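Trainee: below are the sequence and a predicted model for it; my questions follow.
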Amino acid sequence: MVKINLALGLEAQATLMSARRIGVQGSETEGFFRKYDYALEGENRQTFDLTCAGYLGVKAGIKLDLNVSFTGLAKLGKVGVSGEVGGYMDLWGYMQMHLLNDGTMDKPDISLSGGPFIL
């Protein structure tokens with residue numbers, strides 16, 4: 001007998017920030033009118049967060065069943081013994097990843113944390 005259980009949970013979040021100043025200015029007395037548009041600090045800031053948690057369980061062994069019933073009396077019931085012999089392993093894990101690009105970086109800043117837990 002071999003049984004495998006698996007569970008997985010994911011969460012993701014992404015952000016893209018745009019920061020620009022757009023405006024117009026002019027003067028009737030000086031006779032000019034102009035539009036301005038420029039990027040502020042934080043323009044094109046990108047973040048991505050991924051969280052993952054999971055479980056893997058493995059059970060392997062031998063299942064034994066011994067039943068006794070009498071001919072013609074099977075509807076009344078039976079007497080038996082059942083047992084399992086074997087081993088199991090549970091593995092739990094957690095991982096979190098954070099990615100940041102503030103718009104001025106050549107490469108994004110990536111941090112990764114997490115780990116397994118074996119029972």
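Mentor: Noted; the coordinates are in hand. Numbers count the residues shown, from 1 in each chain.
Trainee: does the residue sitting furthest away from the middle of the chain sit in a helix, a strand or a coil?
Mentor: Most distant from the centre of the chain: residue 29, at 61.7 Å, with distances by CA atoms, centre = their mean. Following DSSP: H, G, I helix; E, B strand; the rest coil, we place residue 29 in the coil state.
Trainee: same check on residue 107?
Mentor: With three-state DSSP as the basis, residue 107 sits in coil.
Trainee: who's in contact with it?
Mentor: Residues near residue 107 by CB atoms under 8 Å, 6 or more residues apart in numbering: none. Where C-beta positions appear, they are placed from N, C-alpha and C, glycine not excepted.
Trainee: and it, what pLDDT?
Mentor: Note for residue 107: predicted pLDDT of 88.
Trainee: residue 74 now?
Mentor: The model reports residue 74 with a pLDDT of 63.
Trainee: quick one: low-confidence parts of the protein?
Mentor: Applying pLDDT under 70 to the chain flags residues 72, 74.
Trainee: list the contacts of the residue nearest to residue 36 when sequence neighbours are not counted.
Mentor: Take residue 36 and drop its neighbours on the chain: the residue closest to it by CB to CB, 6 or more residues apart in numbering is residue 23, 5.6 Å away. Listed by CB under 8 Å, 6+ apart, the contact set of residue 23 reads 35-37.
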